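Novice: Predicted coordinates and the sequence they were generated for:
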Amino acid sequence: DQQVKQNSPSLSVQEGRISILNCDYTNSMFDYFLWYKKYPAEGPTFLISISSIKDKNEDGRFTVFLNKSAKHLSLHIVPSQPGDSAVYFCAAIKGGSQGNLIFGKGTKLSVKP
Amino acid sequence: KAGVTQTPRYLIKTRGQQVTLSCSPISGHRSVSWYQQTPGQGLQFLFEYFSETQRNKGNFPGRFSGRQFSNSRSEMNVSTLELGDSALYLCASSSGGLRYEQYFGPGTRLTVT
């Protein structure tokens, strides 16, 4: 039973345009959400996070939106750059849970010059 | 600040053998989590240690074990290796406080033949 779902295995975007990566979750006990980027042969790199008490968090070109009623979050990258090409993972964790990040299966983003 | 380091980076073992992987967290981080990444299952939580105590454990057989030392360095051990244990094993560290961000190492690629 997948508690965190990334339904798009891949996404292709033109350089300079917006990339929107989506993530759905089923467990209403999750209260913290994170996005990671992963290049081949490297560990995931933390990008941005959001607490369930917020609906938006912004860090430079990256913005995460959270819609709790829909159990949906999205990561916006504006403007997209070729170096953003990687696999993006959405993760969630329950409050008080020790270390147990629940990951989606990832979305491979390709940004074309 | 130095990142999370994992050794070795690559390992080839034979079915039935055992293996020990090592992880050094970011300085000052007291929580270390371990994950297994496979193409089919994605990133799955193995266990988490904080101040030398296992606080949380994922749904893996008892062949998978770990420990943490007083300097926060951690090891994980897999006994009686099976072909299905071939995976990328990732270690992540965090401060263990109210923020849930985890920072990953590059991983150890284990191949079981």
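Specialist: Arrived safely. Numbers count the residues shown, from 1 in each chain, chains lettered A, B, ... in the order given.

Novice: burial of the residue in chain B positioned nearest to chain A, as a residue count?
Specialist: Nearest to chain A, among the residues of chain B, is residue B:48, at 2.7 Å (CB to the nearest CB). Just so you know, the C-beta spots here come from the backbone N, C-alpha and C atoms, and that holds for glycine as well. Residues within reach of residue B:48, counting by other CB atoms under 10 Å in any protein chain shown, total 28.

Novice: Can I get stretch B:6-15 in PDB? Just the C-alpha atoms.
Specialist: This file holds the C-alpha atoms of stretch B:6-15, laid out as PDB (Å, rounded to 0.1, in the frame of the first residue of the first chain):
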ATOM      1  CA  GLN B   6      29.600   6.000   3.600                       C
ATOM      2  CA  THR B   7      32.100   3.200   3.100                       C
ATOM      3  CA  PRO B   8      32.600   1.300   1.000                       C
ATOM      4  CA  ARG B   9      31.000   2.800  -2.100                       C
ATOM      5  CA  TYR B  10      30.700  -0.500  -3.900                       C
ATOM      6  CA  LEU B  11      30.700  -4.100  -2.700                       C
ATOM      7  CA  ILE B  12      30.300  -7.500  -4.300                       C
ATOM      8  CA  LYS B  13      29.400 -10.400  -2.100                       C
ATOM      9  CA  THR B  14      28.300 -14.000  -2.600                       C
ATOM     10  CA  ARG B  15      24.900 -15.400  -1.500                       C
END
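
Novice: who touches it?
Specialist: Applying CB atoms under 8 Å, 6 or more residues apart in numbering or on different chains, the external contacts of stretch B:6-15 come out as A:43, B:19, B:21-24, B:81-83, B:89-91, B:105-113.

Novice: Next to chain A, which bits of chain B? Give me the list.
Specialist: Contacts of chain B with chain A, taken as CB under 8 Å from any CB of the partner chain, map to B:4, B:6, B:31-33, B:35, B:42-45, B:47-48, B:50, B:55-56, B:58, B:90, B:92, B:94, B:96, B:99-107.

Novice: Just the buried subset of these, written out for ChimeraX, thanks.
Specialist: Buried members of the residues of chain B next to chain A, defined by 16 or more other CB atoms under 10 Å in any protein chain shown, are picked up in ChimeraX with:
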select /B:4,6,31,32,33,35,42,43,44,45,47,48,50,55,56,58,90,92,94,96,100,101,102,103,104,105,106,107
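
Novice: which parts of stretch A:24-36 are buried?
Specialist: Applying 16+ other CB under 10 Å to stretch A:24-36 flags A:24-25, A:30-36 as buried.

Novice: measure it end to end?
Specialist: In terms of CA to CA, to the nearest Å, the two terminal residues of stretch A:24-36 are separated by 15 Å.

Novice: before we move on, what about stretch A:43-55?
Specialist: Across stretch A:43-55, first to last residue, CA to CA, it's 28 Å.

Novice: now swap in stretch B:61-75 and tell me
Specialist: Stretch B:61-75 end-to-end distance (CA to CA) = 17 Å.

Novice: next one: stretch B:57-67
Specialist: 12 Å.
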